[in-house]
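Peer 1: my questions concern the predicted model and sequence given below.
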Amino acid sequence: MQILDKNLSKKAWAGGVIEPAKEFGLTQLPIISGQIPQGLRGTLYRNGPARLERGGVRAGHWFDGDGAILAVNFTNAGANAVYRYVQTTGYQQESTTGKFLYGNYGMTAPGPVWNQWRKPVKNAANTSVLALPDKLLALWEGGKPYALDLQTLETWGEDDLGGLTDGLPYSAHCKQDPQTKEIFNFGISVGLNGKLNVYKSDPTGKIVRKAAFPIDGLPLLHDFVLAGQYLVFFIPPVRLNMFPVLLGTGNYSDSMQWQPELGTQILVIDRDTLSLVSRGETEPWYQWHFANGYVDSNGAAIVDIARYEDFQTNQYLKEVATGKTQTSAKSSFSRVIFNPQTAKVTAIEQILDRHCEFPNVPAPNVGQASRYTYMSGFRQGTDISQEILNTIARFDHKTDTLTEAYPGENRYPSEPIPVEDWVLTVVYDGNSHSSEVWVYDSDRLDQEPVCQLQLPSVIPHSFHGTWKPMK
């Protein structure tokens with residue numbers, strides 16, 4: 001943890017992380033420009049760290065912030081929104097005392113050393129969201145999801161999905177098959193060695209099958225990919241040294257070690273039976289996020305990723321929490337081609353030599369070939385060691401072209417969410433210290449948005465979102 005220095009912020013984006021977010025109830029959103037498309041009806045949900053400070057002390061990493069959910073409803077009567085913190089146990093306790101009580105990814109629990117065992121990690125519920133038929137799940141990395149009301153965002157409490165027993169974690173990046181509506185996810189159990197727990201759920205979210213696979217050490221695994229019949233895990237060569245964490249002398253983030261000699265481990269699992277198909281190894285890299293995966297006509301598995309050459313990205317994300325960055329961590333949009341039956345990699349290709357993050361494809365294309373990949377990035381010429389993501393883009397795999405939307409100087413769009421013919425994003429405007437919802441025509445990303453909506457208060461830079469169509 002760090003003592004808050006209010007003079008540290010220099011870049012315009014810092015206004016979107018320094019101040020704790022302010023909740024608001026259901027509010028009609030005024031239209032700034034354009035109009036809401038007639039066919040756009042449903043709800044955009046977004047989740048992200050909204051409070052990184054308590055009692056003049058800052059959190060140690062961007063990942064440590066308390067989660068807050070934004071819901072933007074597009075209706076026949078216009079658009080309205082609500083924004084609320086997820087009322088986790090840790091959030092409620094720390095709100096009462098006005099200070100940090102728990103450890104987290106980048107923080108050790110304050111106070112005497114025995115607090116490291118009593119309150120080692122707070123479930124921040126701050127990473128992603130899953131919209132189920134009767135509830136919204138706020139997802140995190142190391143614990144159970146929190147269930148919320150889809151309309152009011154009232155927190156109902158932790159949810160075991162009918163199968164998360166014995167402390168099994170449920171990760172932030174589940175995948176839903178667009179045809180069967182089956183949901184797949186995983187979680188890493190911590191012990192002397194890690195265990196990869198894999199879950200298959202029905203469309204209501206209830207876990208109907210689970211399996212566990214031994215893995216070497218304690219890796220940092222954030223995402224996986226659904227590719228046709230397979231669930232594919234690329235385990236990067238980052239391993240946790242548990243001793244500083246157990247002794248209370250170090251946090252998880254600082255105890256993560258980059259060990260490129262381990263290579264990247266590959267696990268391929270059958271999506272129906274959750275049985276292991278193959279294991280393999282390839283060259284080292286790190287990835288937070290996958291764009292998509294599929295199996296081509298020759299039976300080869302194709303997986304697209306935002307690929308980093310090392311783990312400097314973790315240091316950069318740690319610095320974001322301070323409001324000032326200095327570490328350069330560039331990724332590239334890359335493709336891995338391999339035989340799913342043997343996990344043998346046949347090619348690793350760079351699709352685009354541009355920094356890429358939060359890559360995704362339209363929901364109907366998850367697990368199958370998609371012409372378009374959407375992503376966040378940096379405008380050409382941006383000093384990426386000093387800034388955060390300031391563009392969204394669409395890559396056309398058919399024509400090999402990238403079309404970018406640049407909101408303007410000191411404006412920062414969130415992860416793009418493609419919805420039919422449109423792309424939705426929440427923009428933090430560092431010029432006016434305000435936030436807006438922007439709707440783009442997906443075929444005209446490089447033109448002005450078709451609609452801009454004003455939000456009642458600042459929405460801090462968030463991680464992931466989803467779209468739930470109106471019934």
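Peer 2: Yes, it's here.

Peer 1: which neighbouring elements make contact with the one helix or strand residue 266 maps to?
Peer 2: According to DSSP states H and E, residue 266 maps onto strand 264-270. The contact analysis (3 or more CB pairs under 8 Å, 6 or more residues apart in numbering; DSSP states H and E) places strand 264-270 against strand 207-214, strand 230-235, strand 276-282. C-beta: built from backbone N, CA, C; applies to glycine.

Peer 1: right, so the ones you listed: which one is the most enclosed?
Peer 2: By mean neighbour count, with neighbours taken as mean count of other CB atoms under 10 Å, strand 230-235 ranks first of those at a mean of 23.

Peer 1: CA-only coordinates of that strand in PDB, if you can.
Peer 2: C-alpha atoms of strand 230-235 as PDB (Å, rounded to 0.1, in the frame of the first residue of the first chain):
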ATOM      1  CA  TYR A 230     -12.200 -27.800 -27.200                       C
ATOM      2  CA  LEU A 231     -11.400 -25.700 -24.200                       C
ATOM      3  CA  VAL A 232      -7.800 -24.500 -24.600                       C
ATOM      4  CA  PHE A 233      -5.600 -23.200 -21.800                       C
ATOM      5  CA  PHE A 234      -2.200 -21.600 -22.500                       C
ATOM      6  CA  ILE A 235      -0.400 -21.400 -19.200                       C
END
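
Peer 1: distance between that strand and the chain's centre?
Peer 2: Offset of strand 230-235 from its chain centre (CA atoms, centre = their mean, to the nearest Å): 17 Å.

Peer 1: other SSEs contacting it?
Peer 2: strand 183-189, strand 225-227, strand 264-270, strand 286-295, strand 301-308.

Peer 1: I'd like these as JSON lines, with mean pLDDT and distance to residue 132 appended.
Peer 2: Below are these laid out as JSON lines (pLDDT from 0 to 100; distance: least, CB to CB, whole Å):
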{"stretch": "strand 183-189", "mean pLDDT": "96", "distance to residue 132": "8"}
{"stretch": "strand 225-227", "mean pLDDT": "98", "distance to residue 132": "18"}
{"stretch": "strand 264-270", "mean pLDDT": "98", "distance to residue 132": "23"}
{"stretch": "strand 286-295", "mean pLDDT": "98", "distance to residue 132": "22"}
{"stretch": "strand 301-308", "mean pLDDT": "98", "distance to residue 132": "27"}
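
Peer 1: ok, which of these comes nearest residue 462?
Peer 2: Nearest to residue 462, of all the helices and strands packed on strand 230-235, is strand 286-295, at 14.3 Å by CB to CB.

Peer 1: give me the sheet partners of that closest one and which way each runs.
Peer 2: Strand pairing for strand 286-295, using DSSP bridges, gives strand 301-308 (antiparallel).

Peer 1: can you name the next helix or strand after the strand it pairs with?
Peer 2: Later in the chain than strand 301-308, the nearest helix or strand by DSSP H and E is helix 312-320.

Peer 1: now that next one against strand 301-308, angle please.
Peer 2: On the basis of axes from the mean of the first three to the mean of the last three CA atoms, to 10 degrees, helix 312-320 is oriented at 50 degrees to strand 301-308.

Peer 1: tell me what helix 312-320 is packed against?
Peer 2: Looks like helix 312-320 contacts no helix or strand (3+ CB pairs under 8 Å, 6+ apart).

Peer 1: what's the average pLDDT for it?
Peer 2: The average pLDDT within helix 312-320 is 98.

Peer 1: thinking again about what came up before, so which of the helices and strands packed on strand 264-270 comes closest to residue 173?
Peer 2: Closest approach to residue 173 among the helices and strands packed on strand 264-270 (CB to CB): strand 230-235, 11.1 Å.

Peer 1: follow-up on the earlier one: okay if I get the helices and strands packed on strand 264-270 as JSON lines plus distance to residue 328 and mean pLDDT?
Peer 2: Formatted as JSON lines, the helices and strands packed on strand 264-270 follow (distance: least, CB to CB, whole Å; pLDDT from 0 to 100):
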{"stretch": "strand 207-214", "distance to residue 328": "35", "mean pLDDT": "96"}
{"stretch": "strand 230-235", "distance to residue 328": "23", "mean pLDDT": "98"}
{"stretch": "strand 276-282", "distance to residue 328": "25", "mean pLDDT": "98"}
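
Peer 1: which stretches of the protein have low pLDDT?
Peer 2: Per-residue confidence for the chain (pLDDT under 70) gives these ranges: 1-9, 114, 117.

Peer 1: any idea how far the residue sitting furthest away from the middle of it is from residue 118?
Peer 2: Relative to the centre of the chain, and counting by CA atoms, centre = their mean, the farthest-placed residue is residue 112 at 32.6 Å. According to CB to CB, to the nearest Å, residue 112 and residue 118 sit 9 Å apart.

Peer 1: would you agree residue 418 falls within a strand?
Peer 2: Yes - assignment of residue 418 by DSSP: H, G, I helix; E, B strand; the rest coil places it within a strand.

Peer 1: what about the spatially closest residue to it that is not a sequence neighbour, how many neighbours?
Peer 2: In space, and not counting its chain neighbours, residue 418 is closest to residue 362: 4.6 Å by CB to CB, 6 or more residues apart in numbering. Residues lying near residue 362 (other CB atoms under 10 Å) number 20.

Peer 1: repeat for residue 15
Peer 2: 22.

Peer 1: with residue 381 instead?
Peer 2: For residue 381, the tally of surrounding residues (other CB under 10 Å) stands at 5.

Peer 1: now do the one 5 residues further on
Peer 2: A count of nearby residues for residue 386, using other CB under 10 Å, gives 14.

Peer 1: OK, contacts around it?
Peer 2: When contacts are counted by CB atoms under 8 Å, 6 or more residues apart in numbering, residue 386 touches 11, 325, 326.

Peer 1: quick check, the last one in contact with residue 385.
Peer 2: Yes - using CB atoms under 8 Å, residue 326 and residue 385 qualify as a contacting pair, with a distance of 5.6 Å.
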